[in-house]
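K.L.:
generate a structure from the sequence data that follows.
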Amino acid sequence: MSEKTFSLDELSRLVNIDKRTIRYYIQIGLIARPIGETRAARYDETHVKSLLRVKNFREAGLSLERIADVLSDRGDSPPPTRRRRGEIQTRSHIAVCSGVEISIAPDESELTPEQVRELIRQIAALAETFNKENDNEQ
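P.N.:
All right, here's what the predicted structure looks like:
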C-alpha cells in the first residue's frame, strides 16, 4: 500500500499555508523538495509534518533564520542564540507591581502565552507577599 501524497493545492489547504509561502520554504531549505517536478510534484506526510512544525515555530514568534537553526539541530527546543551586532530582538515587558517589571524574549523562553500568564500571576503573588511583610515590619 502506497503512502498518500498531495498536490501543492491540497497541501496548502491541509496545512493552511499559502502556496507561495510553501514554495519559499522549499527554496530556503526549511522543508524538503517535492517528489517529482512542476505540476506533477507531490508532497507526502513528511512535508505535512515539516510544514506544521515550521508553522508552530512561526506562530511562537521565531524568525525563519531561527527556525532553520532549530531544524538543522533536529531538536524540539531552539538552541541558544548568539547575539550579533545590530541585531533587533523583540521582548515583552510586563509590569508585575510598582517598580517590578519582567522582560520575556518570546522566541527564547519557549513558554506558551498561558505559561507566561501563570508565571506573571505567581510572581505578582510573591511580590504582594513581600510587600505585606514589609508593611508589617514598619
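
K.L.:
all contacts plus neighbour counts: C-alpha atoms, from now on.
P.N.:
Will do.

K.L.:
buried set for stretch 43-51?
P.N.:
Tyr43, His47, Val48, Leu51 (16 or more other C-alpha atoms under 10 Å).

K.L.:
quick one: distance of it to the chain centre.
P.N.:
Centre-to-centre, stretch 43-51 and its host chain are 18 Å apart (C-alpha atoms, centre = their mean, to the nearest Å).

K.L.:
on that earlier part again, and the buried residues of stretch 43-51, which is closest to Pro106?
P.N.:
Leu51 (20.6 Å; C-alpha to C-alpha).

K.L.:
mind giving me the domain split of the protein?
P.N.:
Here the domain parsing of the chain from automatic domain parsing is 8-73, 92-137.

K.L.:
those domains: lowest mean pLDDT?
P.N.:
Of all those, mean pLDDT reaches its minimum on domain 92-137 (a mean of 82).

K.L.:
residues in contact with the nearest residue to Tyr25 once chain neighbours are set aside?
P.N.:
Of all residues not flanking Tyr25 in the chain, Ile31 sits nearest, at 5.9 Å (C-alpha to C-alpha, 6 or more residues apart in numbering). Listed by C-alpha atoms under 8 Å, 6 or more residues apart in numbering, the contact set of Ile31 reads Tyr25, His47, Ser50, Leu51.

K.L.:
just the CA trace of the helix or strand encompassing the first one, in CSV.
P.N.:
Following DSSP states H and E, one finds Tyr25 within helix 19-27. Taking Å, rounded to 0.1, in the frame of the first residue of the first chain, the C-alpha atoms of helix 19-27 are listed here in CSV:
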residue,chain,number,x,y,z
LYS,A,19,1.3,28.1,-1.8
ARG,A,20,3.8,30.9,-2.4
THR,A,21,4.9,30.5,1.3
ILE,A,22,5.4,26.7,0.8
ARG,A,23,7.4,27.3,-2.3
TYR,A,24,9.6,29.9,-0.4
TYR,A,25,10.1,27.4,2.5
ILE,A,26,11.3,24.8,-0.1
GLN,A,27,13.6,27.4,-1.7
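
K.L.:
what's in contact with that helix?
P.N.:
Leu8, Asp9, Ser12, Ile31, Ala32, Arg33, Leu51.
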